[in-house]
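what's the 3D shape of this:
(one chain, ligands or ions: 1)
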Amino acid sequence: MRPLEDYNPFDPEVAENPFEYYAALREQAPVYQTPMGFFMVSTYDHCVSAIRDPGVFSSRFTAAMAGGMGGAEKLEGGELDEIPMAPTDTLLTNDPPSHTRFRKLVNKAFSPRRVEKMDDYVSTIASNLIDGFAAQSTIDAVPELAVPLPLTVIADQLGVPRSDMADFKKWSDASVAPLGGIISHDEQIECARLVLDLQKYLRARARERRENATDDLLSDMVHASVDGESSLTDAEVVSIAQQFLVAGNETSTHLIAGALMFLLRDPEQAEKVRAQPELIPNAVEEALRCETPVQGMWRVSTCDTRLGDTDIPEGSFLMLRYASANRDPAVFPDPDRFDVERPNAREHLSFGRAIHFCPGASLARKEASVAIAQMLERFPRLSVTQDNDFRHHPSMLLRGLSRLELSLQ
Ligand code: HEM
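Okay, here's the model as predicted:
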């Protein structure tokens with residue numbers, strides 16, 4: 001077991017292989033104050049307790065974010081010509097009652113019923129992508145499938161042209177890169193610049209929709225009223241669209257690549273799923289649990305409080321470490337084992353819980369299930385090549401494979 005004094009979640013090597021530290025944290029200090037000051041919450045029960053108490057553990061942590069949607073104002077004067085739009089707390093970084101108003105607007109967008117009806121549509125996008133590389137002997141599944149599938153879906157749903165997708169990818173990378181905290185100052189400036197471009201782009205598209213409504217989420221948002229009262233401001237529409245684009249994109253990419261990796265690295269598990277395709281949804285849950293594309297989420301305490309045996313002063317930052325909770329042996333026996341038949345795989349915290357539960361969960365599950373089903377069906381000899389190190393993009397917040405080389409034939 002690793003000594004906790006060595007634990008630095010921002011160290012790229014630790015981010016790549018954090019699991020022994022998680023085990024040590026759960027056992028020795030489930031609510032651990034790191035040398036950086038914030039508290040790392042590592043057990044399942046403590047994460048759930050904090051999530052369920054948004055009055056004490058608030059999601060208004062925007063000021064803590066370095067870059068992306070929240071922290072460009074931290075950059076020194078003159079480093080950016082313009083400051084990105086003032087951060088508007090709508091969903092992820094908001095609390096009730098304001099959060100509840102915005103949340104009602106987005107709940108229906110990707111409800112389980114709506115996503116069920118998208119089956120043919122998602123399947124067609126996936127099979128067109130697969131047609132594009134089916135004749136090759138090997139592919140990198142990240143850029144060939146895991147990136148373009150969710151990107152195409154979210155671009156269509158928001159109502160922006162697929163031809164702008166290359167920009168979308170660039171912008172969404174720039175929005176998440178600073179959140180992981182493992183980038184240089186120059187990279188931070190470049191990211192803030194790109195986020196500004198994204199905001200301007202979304203604001204322009206939203207304004208077009210105010211003039212001419214079309215059948216898409218952007219139009220729905222600009223013409224929606226909150227509680228039958230005021231309509232959303234440009235900044236609110238941009239904030240929500242930005243979260244859909246970023247949250248709905250990178251994370252789903254990481255899930256698809258992670259699910260393929262976990263399955264194909266263990267031929268016995270892959271065989272089970274080939275023999276019983278009805279196991280695919282549970283295999284996706286197990287990949288969500290083991291990979292945990294969003295490793296954790298911030299909260300900030302609104303008063304002096306306690307979590308477990310630990311005193312938490314008002315104004316403290318807490319990192320609810322879903323990746324560690326997902327390997328808590330008190331909930332998931334033999335937690336490091338990837339098991340497509342695990343009976344309670346779906347109890348993972350990878351989509352959070354309660355009021356901030358991911359509104360895109362059904363869509364992400366659908367995309368990953370469709371991708372796995374089609375890849376296994378189209379390529380009976382599908383396997384991972386020897387040329388993989390299975391390393392992830394360096395980030396303390398998101399976990400996603402840099403590449404995944406597959407042999408198709
Ligand atoms: C595998 C894919 C995904 C993962 C792992 C994921 C994970 C999460 C997590 C953990 C949260 C809650 C954070 C908290 O505890 O505060 C969240 C919230 C959110 N997600 Fe996802 N997400 C995924 C896909 C999507 C998709 C496809 C969309 C949109 C199309 C989306 C949009 C959002 C939004 C808007 C929120 C904020 C909700 C709120 O605060 O009320 N996500 N997601």
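
count of residues packed around residue 174?
When neighbours are defined as other C-beta atoms under 10 Å, residue 174 has 23 of them. Backbone N, C-alpha and C define where each C-beta goes, glycine included.

Where does it sit: helix, strand or coil?
Following DSSP: H, G, I helix; E, B strand; the rest coil, the label given to residue 174 is helix.

part of a strand, is residue 358?
No. Counting by three-state DSSP, residue 358 is not found in a strand; it is coil.

wait, it sits on residue 351?
Yes. Residue 358 lies in contact with residue 351 (C-beta atoms under 8 Å); the separation is 3.8 Å.

Overlap in contacts, those two.
Common contacts of residue 358 and residue 351 (C-beta atoms under 8 Å, 6 or more residues apart in numbering): residue 364.

how about the residues of the stretch 301-409 of the chain near the ligand?
Residues of the stretch 301-409 of the chain lying close to the ligand (C-beta under 6 Å from any ligand atom) are 350-352, 356, 358-360, 363-364.

Show me the shaky parts of the stretch 51-200 of the chain.
Applying pLDDT under 70 to the stretch 51-200 of the chain picks out residues 63-87, 180-181.

Not counting sequence-adjacent ones, nearest residue to residue 25?
residue 42 (3.9 Å; C-beta to C-beta, 6 or more residues apart in numbering).

number of nearby residues for residue 198?
Residue 198: 23 neighbours (other C-beta under 10 Å).

That one looks like it's in a strand, true?
No. Residue 198 sits outside any strand when classified using three-state DSSP, being helix.

circling back to that earlier point, what's the separation between the residue nearest to residue 25 and residue 24?
Separation of residue 42 from residue 24 (C-beta to C-beta, to the nearest Å): 9 Å.

okay, the two: which has more neighbours?
Using other C-beta under 10 Å as the criterion, residue 42 and residue 24 rank with residue 42 on top: 29 against 18.

need the contact list for the more buried one.
Counted by C-beta under 8 Å, 6+ apart, residue 42 has contacts 22, 25-26, 29-32, 321, 324-325, 328.

and those as JSON lines, adding pLDDT, secondary structure and neighbour count?
Shown next, in JSON lines, are the contacts of residue 42 (pLDDT from 0 to 100; DSSP: H, G, I helix; E, B strand; the rest coil; neighbours: other C-beta atoms under 10 Å):
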{"residue": "22", "pLDDT": "97", "secondary structure": "helix", "neighbour count": "23"}
{"residue": "25", "pLDDT": "97", "secondary structure": "helix", "neighbour count": "23"}
{"residue": "26", "pLDDT": "98", "secondary structure": "helix", "neighbour count": "22"}
{"residue": "29", "pLDDT": "96", "secondary structure": "coil", "neighbour count": "18"}
{"residue": "30", "pLDDT": "97", "secondary structure": "coil", "neighbour count": "22"}
{"residue": "31", "pLDDT": "98", "secondary structure": "strand", "neighbour count": "21"}
{"residue": "32", "pLDDT": "97", "secondary structure": "strand", "neighbour count": "20"}
{"residue": "321", "pLDDT": "98", "secondary structure": "coil", "neighbour count": "28"}
{"residue": "324", "pLDDT": "98", "secondary structure": "helix", "neighbour count": "29"}
{"residue": "325", "pLDDT": "98", "secondary structure": "helix", "neighbour count": "29"}
{"residue": "328", "pLDDT": "98", "secondary structure": "coil", "neighbour count": "20"}
